[in-house]
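Novice: Got a sequence here, can you model it:
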Amino acid sequence: MSKISEIESTPNPNAMKFILKEPLTYGVTRSYDSAAHAKGDPLASALFAIPHVTNVFYVDHWLTVTQDGQANWQELLKQLAVPIRAASAETQLQSQVAPAENEAGVAVSIEDTLRLAQINELLDQQIRPYLQSDGGDLKVLKLEGNTLTIHYQGACGSCPTSLAGTLSAVENLVRTIEPDLQLVAV
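Specialist: Numbers count the residues shown, from 1 in each chain. Below you'll find the model as predicted:
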């Protein structure tokens, strides 16, 4: 049973970050944009059953829930706490199997695998820690030629800052290793 240690606001006014005393996963990120996508995940399904929840994102000791902006946070937090406290890493792991192929479902060349590894290392060092501290993250979906496609997760998914300032910062950063790289957020 997870104990909530802290609840933090994020730069996105429609997202809250829950810091937990026990992990929900061990290095495995879970991100859902709808109840249909959360099918098979008991925690995310329980959270989407609560009115106004639009996104669930969690990894290790923290979880971010985004709402549609129509709910009162005080009331919503009370409802969200129930399934979060009932969750445990064991039940989450039993219900989830990691996907066998990459996001695009396409084989990646050795050259692009090396490029992606370099890009992800840079993002891990200079971008992701800041996004994660605000209850979000970004996932690299694919690299096709000189176009890198990313997806913001958690609080970052619907935050106006992520689609403007953060996207520009990420693009400038990855261009330090590949000057012609174009960034697309989906």
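Novice: Going by C-alpha atoms from here, please, whenever you check contacts or count neighbours.
Specialist: Will do.
Novice: what's the neighbour count on Gln70?
Specialist: 10 (other C-alpha atoms under 10 Å).
Novice: How about it, nearest residue that isn't a chain neighbour?
Specialist: Leaving aside its sequence neighbours, Gln70 sits nearest to His52 (C-alpha to C-alpha, 6 or more residues apart in numbering; 6.8 Å).
Novice: So which bits of the top helix by length along the chain are buried?
Specialist: For the chain, the helix with the greatest residue count under DSSP state H is helix 110-126. Judged by neighbour count (16 or more other C-alpha atoms under 10 Å), helix 110-126 contains these buried residues: Leu116, Ile119, Asn120, Leu122, Leu123.
Novice: same deal with stretch 8-21?
Specialist: By neighbour count on 16+ other C-alpha under 10 Å, the buried set for stretch 8-21 is Thr10, Pro11, Asn12, Asn14, Ala15, Met16, Lys17, Phe18, Ile19, Leu20.
Novice: Mark which of these are part of strands, please.
Specialist: Ala15, Met16, Lys17, Phe18, Ile19, Leu20 (DSSP state E).
Novice: show me where this structure has strands.
Specialist: Using DSSP E, strands in the chain cover 4-9, 15-20, 30-32, 53-59, 62-67, 136-144, 147-154, 182-185.
Novice: closest to Ser109 out of these?
Specialist: Nearest to Ser109, of all the strands of the chain, is strand 136-144, at 10.2 Å by C-alpha to C-alpha.
Novice: Tell me which strands the closest one pairs with, and in which orientation.
Specialist: Strand 136-144 has the following sheet partners, assigned by DSSP bridges: strand 147-154 (antiparallel).
Novice: now the strand it pairs with and strand 15-20, what's the angle there?
Specialist: On the basis of axes from the mean of the first three to the mean of the last three C-alpha atoms, to 10 degrees, strand 147-154 is oriented at 70 degrees to strand 15-20.
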